[in-house]
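Enquirer: what shape does this take:
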Amino acid sequence: MEWDTTLGPLLEPLGLSLYDVEFTSGTLNVVVNKDGGVDLESLTKANRTISEWLDANDPIPGRFTLDVSSPGLERRLRTAAHFKSAVGEVVTLRELRGSEPTRRLEGTLLEADATTLTLEDRELGALVINLDAIERARTVFEWGATKPPSSKGAKTTSGKKG
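Expert: You can find the predicted model right below:
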């Protein structure tokens, strides 16, 4: 089934976009996104809307579970569109290399197109990787260094008693 053309239009009136859909182990996983982030109310509305459509159209034979979620801070990257949307971000991935050992890479995603991506790996430098060779990938949320509190305007006290 072509989920993008089916679920995408259902989500648009809710201010949501379809990020990913996958049916595995009896669960239809639907990942939705929204500018500024997805809140609980949006997830609830998306779940209700998709559930009603599934009940009315019955596109999946047998019993299954519907799971509607947001991509989260560390979102999974599966499609060329996912990689394109993550250009400039830090990603981690596992690259399958035929008879050579699988390689774990982490770095900044520099470019992505329909078949390849360019990753500035932290140890190996710039690498061009075929999307078909990626076993799994996700963005990496990096906690930013926080500035120490400013001492401007702070009151100081001396050890003298008055």
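Enquirer: and residue 28, how far from residue 94?
Expert: Here residue 28 is placed at a distance of 25 Å from residue 94 (Cβ to Cβ, to the nearest Å). The way it works is simple: take the backbone N, C-alpha and C, and place the C-beta from them, glycine included.
Enquirer: who has more neighbours out of the two?
Expert: More crowded of residue 28 and residue 94, by other Cβ atoms under 10 Å: residue 28, with 19 against 13.
Enquirer: the residue lying closest to that one once chain neighbours are set aside: how many residues sit nearby?
Expert: Nearest non-adjacent residue to residue 28, counting by Cβ to Cβ, 6 or more residues apart in numbering: residue 66, 5.2 Å away. Neighbour count for residue 66, taken as other Cβ under 10 Å: 13.
Enquirer: contacting residues around residue 66?
Expert: 27-28, 30, 47, 50-51, 54 (Cβ atoms under 8 Å, 6 or more residues apart in numbering).
Enquirer: residue 91: helix or strand, and which one exactly?
Expert: Following DSSP states H and E, one finds residue 91 within strand 90-97.
Enquirer: tell me the buried residues in that strand?
Expert: The neighbour-count check on strand 90-97 (16 or more other Cβ atoms under 10 Å) flags 90-93, 95 as buried.
Enquirer: for the chain, longest helix please?
Expert: helix 40-57 (DSSP state H).
Enquirer: which parts of that one are buried?
Expert: For helix 40-57, by 16+ other Cβ under 10 Å, it's 42-43, 45-47, 49-50, 54.
Enquirer: quick one, helices of this structure?
Expert: Along the chain, counting by DSSP H, helices occupy 3-11, 40-57, 80-85.
Enquirer: redo the ones you listed as JSON lines? Include mean pLDDT and distance to residue 19.
Expert: Putting these into JSON lines (pLDDT from 0 to 100; distance: least, Cβ to Cβ, whole Å) gives the following:
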{"stretch": "helix 3-11", "mean pLDDT": "88", "distance to residue 19": "10"}
{"stretch": "helix 40-57", "mean pLDDT": "95", "distance to residue 19": "11"}
{"stretch": "helix 80-85", "mean pLDDT": "93", "distance to residue 19": "8"}
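Enquirer: could these go into a markdown table alongside distance to residue 21?
Expert: What follows is these, written out as a markdown table (distance: least, Cβ to Cβ, whole Å):
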| stretch | distance to residue 21 |
| --- | --- |
| helix 3-11 | 4 |
| helix 40-57 | 10 |
| helix 80-85 | 12 |
